[in-house]
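In: model this:
(one chain, ligands or ions: 1)
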Amino acid sequence: MRPFDGRRVLVGVSGGIAAYKTAELVRRLIGAGADVKVILTDSGARFVGPVTFEGLTGNPVHRSLWEGALQHIELGRWADAIIVAPATANLLAKLANGMADDLLSTTLLAAPRRALLAPAMNHRMYEHPATRRNLEALREFGHQIVGPAYGELAEREEGWGRMVEPDVLLAHVGRDLEGSSRWRGKRVVVTAGPTWEPVDAVRFLGNRSSGRMGQALAAAAWRRGADVVLIRGPAREPAPPWLSDVRQVKTAQEMGDELTEAVREAAALFMAAAVADFRPVAPSAEKIRRSSGMESIAVESCPDLLALASHAAPADCVRVAFAVELGRGALESAKRKLSEKGADLIVLNDPSEPGAAFDVETNRVTIIDSKGASEELPLMLKSEVADAILDRSEGLLAGE
Ligand code: CTP
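Out: From the prediction side, this is the model:
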């Protein structure tokens, strides 16, 4: 799985209760195709034994400076990415002061690349000025600090100090492995999921979009370094928790309001949301009773959000539309939509095809450009479809 396939990730584990979550991180890295080596400190080994990491990685666990005279240099050189999880207050203090008294601290000092550090400690230790100063120094040295999160800590305390969850750490390793890309620092706006148009206090008009495709795009653009704004309708699929700018909306109107603000400085817009075309003219604030005798719901057109966003976005913003078309004539209809909507690309999918339905992990799409050239992609995971769409859009980005 991009960008992990065949890449080498060095995981440092220092002594904290959160080390049990690092086993899950390692499992996920291996599952994504990475080759993983683990350095376990003596205190780390008190929480999770080396056999666990050996079993997960299929590689021997590195424990001591004295197992091989040059290990501390070789391991750092070997790695395409380095993550320390959990990074204790002690480990951070050593690293901030250039101390090298065990295999992990020595490797980190000798490594040609900077590390991702996932702090985990009691909240008073985290808030202590010494730790604050150390973290500041480590940032200055070029290390990336991931977390900590707020929540339950050891000894029933609560506060900032929890190690962030393995899926978030995995995403950060992915972003690190991705390296430089044309998306780095560019604002990318993605809409995802359905919209719900209220009929009354308890009913709405909606659709079956799960939000997966849009959210996979948001995650992939973030991984490539983009500054992502995700605007999501009430999607079943949870938003990627590592995205910092997620705007939750319900109706097409609300989505449009967020969108027009968010696209103002956007380099690219991906309209993956299944926005309603119609909404009830006069939604009732109460629950409509059966006894009301209602026989029909009067509807009106929703605004075309892509058109609205196109006016608000910079002229060189890359606009990618999505078309849901069923059966014969799909390609022609998608091409017509592309030109009517003034998009640069349109991604066509037919949910009646096997593996391409709304609520599955996979999709089969055809990407059509503004010259009418179309490229039919095979059945792929939605995360892979997202990368294919980003690859095609990248060439259309302004500048450089
Ligand atoms: N779209 C939009 N605003 C709407 C409806 C759709 O911006 N009110 C966007 C979708 O996000 C998608 C594209 O337009 O990127 C095409 O959506 P689709 O529902 O396939 O097309 P429609 O414009 O609704 O046309 P039709 O009803 O004829 O299929």
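In: what does stretch 293-311 contact?
Out: Contacts to stretch 293-311, defined as C-beta atoms under 8 Å, 6 or more residues apart in numbering, come from residues 189, 191, 195, 197, 199, 205, 252-253, 255-256, 259-260, 263, 269, 271, 273, 275-282, 288, 319, 321, 341-343. (C-beta placed from N, C-alpha, C; glycine too.)
In: hey, where'd the helices end up in this protein?
Out: Taking DSSP state H, the helices of the chain run over residues 19-31, 42-47, 50-57, 71-78, 89-96, 103-110, 123-127, 129-140, 166-178, 212-223, 252-262, 305-312, 330-341, 382-394.
In: ok, which residues in the stretch 301-400 of the chain are in contact with the ligand?
Out: With C-beta under 6 Å from any ligand atom as the criterion, the stretch 301-400 of the chain meets the ligand at residues Cys302, Asp304, Leu305, Leu306, Ala321, Phe322, Ala323, Val324, Lys337.
In: coming back round to it: okay, the helices of the chain, which one's buried deepest?
Out: Counting by mean count of other C-beta atoms under 10 Å, helix 212-223 has the highest mean neighbour count of the helices of the chain, with a mean of 27.
In: that older thread, what subset of the contacts of stretch 293-311 is buried?
Out: Buried members of those, scored by 16 or more other C-beta atoms under 10 Å, are 189, 191, 195, 197, 199, 205, 252, 255-256, 259, 263, 269, 271, 273, 275-276, 279-280, 288, 319, 321, 341, 343.
In: contacting residues around the residue of the stretch 101-250 of the chain found nearest the ligand?
Out: Going by C-beta to the nearest ligand atom, the ligand is nearest to Thr191 of the stretch 101-250 of the chain, at 6.3 Å. The contact partners of Thr191, taken as C-beta under 8 Å, 6+ apart, are 214, 230-233, 255, 259, 270-273, 275, 305.
In: ok, now Val320?
Out: Residues counted as contacts of Val320 (C-beta under 8 Å, 6+ apart) are Ala268, Leu269, Phe270, Met271, Ala343, Asp344, Leu345, Ile346, Val347, Ile389, Ser393.
In: partner residues bridging it?
Out: Val320 has these beta-bridge partners by DSSP bridges: Phe270, Leu345.
In: tell me the centre residue of this structure?
Out: Nearest to the mean C-alpha position of the chain, by C-alpha atoms, centre = their mean, lies Ala219 at 2.9 Å.
In: verify the stated contact: that one with His172.
Out: No: if you go by C-beta atoms under 8 Å, Ala219 and His172 don't touch, sitting 11.9 Å apart.
In: return the residues in contact with the residue nearest to the centre of the chain.
Out: Ala171, Pro240, Leu243, Ser383, Ala386.
In: minimum pLDDT in the residues you listed, which residue is that?
Out: pLDDT across the contacts of Ala219 is lowest for Ser383, at 94.
In: distance check, the closest residue to Ser284 other than its chain neighbours against Ala18.
Out: Sequence neighbours aside, Asp200 is the residue nearest to Ser284 in space, at 4.1 Å (criterion: C-beta to C-beta, 6 or more residues apart in numbering). In this view, Asp200 and Ala18 are 47 Å apart by C-beta to C-beta, to the nearest Å.
In: the more surrounded of these two?
Out: Counting neighbours by other C-beta atoms under 10 Å for Asp200 and for Ala18 shows that Ala18 has the greater number, 29 against 18.
In: next, work out how far apart the more buried one and the ligand are.
Out: Distance, Ala18 to the ligand, by C-beta to the nearest ligand atom, to the nearest Å: 40 Å.
In: when you give positions from now on, start the count at 8
Out: Okay, residue one is now 8; in that scheme the one you just asked about reads as Ala25.
In: thinking that residue is in contact with Met170, fair?
Out: Yes: the criterion here is C-beta under 8 Å, and Ala25 meets it with Met170 at 3.7 Å.
In: quick check: neighbours shared by these two?
Out: Common neighbours of Ala25 and Met170, counting by C-beta under 8 Å, 6+ apart, are Ala92, Pro93, Ala125, Ala127.
In: got these as CSV, with neighbour count columns?
Out: Formatted as CSV, those follow (neighbours: other C-beta atoms under 10 Å):
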residue, neighbour count
Ala92, 29
Pro93, 28
Ala125, 29
Ala127, 28
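In: need the max-distance pair from these.
Out: Greatest spatial distance in those: Ala92 and Ala127, 7.6 Å, computed using C-beta to C-beta.
In: what is in contact with these two at once?
Out: Common contacts of Ala92 and Ala127, defined by C-beta under 8 Å, 6+ apart, comprise Ala25, Met170.
In: mind listing what Asp376 touches?
Out: Contacts of Asp376 by C-beta under 8 Å, 6+ apart are Asp351, Leu352, Arg399.
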